[in-house]
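1. sequence and predicted structure, then a few things I'm wondering about:
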Amino acid sequence: MTLNILFATPEAVPLCKTGGLGDVCGSLPHALTELGQQTALIMPAFRQILEAGYAWEETGQTFTIPIGQKRVPGKLLRGCLPASDVPVYLIEQADYFDRPQLYGEQGEDYQDNCERFVFYCQAVLAAIKQLELPVDILHCHDWSTALLPAYLKTQYGDRAPWDRIATLYTIHNLAYQGDFWHWDMALTGLDWKYFNWRQMEFYGNLNFMKTGIAFADAISTVSPTYAQEILRPPLSCGMEGGLRHRQEDLFGILNGADYEAWNPGTDAYLGENVYDVHSFEEGKRACKAELQRSLGLPVDPAVPLLASVGRLVDQKGFDLVTRVMQQWAPAQPAQWVILGTGDPKYHQLLSQLASDYPQKIAVKLEFSNELAHQIEAGADMFLMPSQYEPCGLNQLYSLKYGTVPVVRRTGGLADTVIDASAGTQEQATGFGFTEYTALALADTLQRAVAAFEDRAGWRALVRRGMGQDWSWGRSATQYVELYEETCLRAQHRAGVSCP
Ligand code: ADP
């Protein structure tokens, strides 16, 4: 059965990205297309997208959306996901979306985020009608799209063309909820009767995440373990009631890695040093030397090079990483490379560490896709001691690049990395720990560094990880099954018919 799937998403690589959501929405549509499904995306026309150098054409379609007392105009542009035929529709509204960042600046959310994404959600529904888009499944991603299921189940639910649309709401990170003061409810245009503890209200506020959970036909998140973890505190972030109520409709599907973009055999950022599972020793040695040289660290193949790339926030375990760096830097023979941006406290702490130990610690406080690739290739170990990790993509990239992941066993990390402890050595692909403490991370790193000294054992570990396939194939098939199931559930609930 071929389904028409429309992705409502704020991010998709290579158009714009702040994290894993962008990776997923840029690569899953390709994988679905390969399975014979019809996919398209609809996104806000963020400045990053319009300035990225891709071609966009006018559709000639304009509209106005009521936002509280205002009527806000918008228009629709059309293009494609680069290097594909997957259509992308952009909702242009310069006041809302032509800004330096997607959601906020200098650690502060934009004050009118509620208004911006109320507009976006209503504009998606207007676009479906005006562009006559065929949609069986509206696949909504994270809080900024979470009003869509509510509109479809209320104001729009009994009218063509919207009455045939089933919604899947995917939670990429439950902690980012879109929580706004209650008067913003007036911006949505929805009846205040929905502002109740089962649907849109959360401790007196309007909560987009809760709304998506309450109204979607099915809900998914990005790994089986995270789908379980979010049913209870602390990882439920207060949503346990709503999620348990929808437990029958909640699914966990692992993200895949995009091996077109993340493949050490073809990675343009590695220049001549590309490598595969047969040539990784030579290739990684060259990439490591290049990385050490470019970051001003001593070029030394024997010293273990520990790396991390990501948002510098508590979630990612940087309090543990920085504590172990402080303990190890004076005496332990290890090099550290950190690439990321985020919380100013980590910017400060990491900059201090880099200036105290320039021979051992290199820190880059920026967003650099190129360096992220070079770190994946050049490092020996990749650290992800996350407090929680809905799926995590970097450990999948690390496995492919022969960079052994050291992870905390949570969410997708628990689902994808097998610890090299006794008993599982034949399957091991990395190192894991459970307790969220600097001691547990340090012990695990000691184990990893000891294993690194055993060259034959390390080669086997690397080879095993590189040989695994975490591409989208399997997960995309699971999404197709879930779309079909979502259609059936919507049909069952409302009497709509699906293809
Ligand atoms: P999350 O979505 O929670 O941020 P993921 O591991 O799922 O974490 O995905 C993060 C993605 O963003 C990865 O592709 C990672 O390489 C990328 N990324 C994060 N920070 C940076 C940075 N400073 N420079 C380059 N890439 C980054």
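-> Good, I have the coordinates. As the structure is a prediction and not an experimental result, all values here were calculated from the model.
2. so which residues of the stretch 151-300 of the chain form helices?
-> With DSSP state H, counting those that start in this stretch as the criterion, the stretch 151-300 of the chain has helices at 185-188, 208-215, 224-229, 240-245, 280-295.
3. so which of the ones you listed is nearest the ligand?
-> Smallest distance to the ligand across the helices of the stretch 151-300 of the chain (Cβ to the nearest ligand atom): 11.3 Å, for helix 224-229. Where you see a C-beta, it was placed from the backbone N, CA and C, and this is true even at glycine.
4. kindly export the closest one (C-alpha atoms) in CSV.
-> What follows is helix 224-229 as a C-alpha-only set of coordinates in CSV (Å, rounded to 0.1, in the frame of the first residue of the first chain):
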residue,chain,number,x,y,z
PRO,A,224,12.3,1.3,22.3
THR,A,225,14.1,1.9,25.7
TYR,A,226,13.2,5.6,25.7
ALA,A,227,9.6,4.6,24.9
GLN,A,228,9.6,2.7,28.2
GLU,A,229,11.6,5.3,30.2
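5. quick check: can you list the domain ranges of the chain?
-> Domain ranges of the chain: 4-256+473-494, 268-469, per automatic domain parsing.
6. need the residues of this protein near the ligand, please.
-> The chain comes close to the ligand at residues 19-20, 23, 309-311, 339-341, 367-369, 372, 391-394, as judged by Cβ under 6 Å from any ligand atom.
7. restrict those to the buried ones and give me that as a PyMOL selection.
-> Selection of buried members from those for PyMOL, criterion 16 or more other Cβ atoms under 10 Å:
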select buried, resi 20+23+309+310+311+339+340+341+372+391+392+393+394
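8. so who does residue 389 touch?
-> Residue 389 makes contact with 226, 315, 407-408, 410-413, according to Cβ atoms under 8 Å, 6 or more residues apart in numbering.
9. rerun that using 7 Å as the cut-off
-> Shown in contact with residue 389 (Cβ atoms under 7 Å, 6 or more residues apart in numbering): 410-413.
10. which one of those residues is nearest the ligand?
-> Distance to the ligand across these (Cβ to the nearest ligand atom) is lowest for residue 412, with 8.0 Å.
11. how many neighbours does that closest one have?
-> Neighbourhood size, residue 412 [other Cβ atoms under 10 Å]: 28.
12. residue 65 - that's part of a strand, no?
-> Yes. Counting by DSSP: H, G, I helix; E, B strand; the rest coil, residue 65 is found in a strand.
13. number of residues surrounding the closest residue to it other than its chain neighbours?
-> Nearest residue to residue 65 in three dimensions, chain neighbours excluded: residue 122, at 4.5 Å (Cβ to Cβ, 6 or more residues apart in numbering). Residue 122 is flanked by 25 other residues according to other Cβ under 10 Å.
14. wait, residue 122 sits on residue 63?
-> No. The pair residue 122 / residue 63 is not scored as a contact, 8.9 Å apart, by Cβ atoms under 7 Å.
15. so who does the residue in the chain that the ligand sits nearest to touch?
-> Among all residues of the chain, residue 20 sits closest to the ligand, at 2.4 Å; criterion: Cβ to the nearest ligand atom. By Cβ under 7 Å, 6+ apart, residue 20 lies in contact with 172, 255, 391, 393.
16. the second one touches residue 22, doesn't it?
-> No. In terms of Cβ under 7 Å, residue 255 does not count as a neighbour of residue 22; the distance is 11.5 Å.
17. these two: which is more packed in?
-> More neighbours surround residue 255 than the other of residue 255 and residue 22, with 25 against 21 (other Cβ under 10 Å).
18. pLDDT wise, what is the more buried one at?
-> We have a pLDDT of 96 for residue 255.
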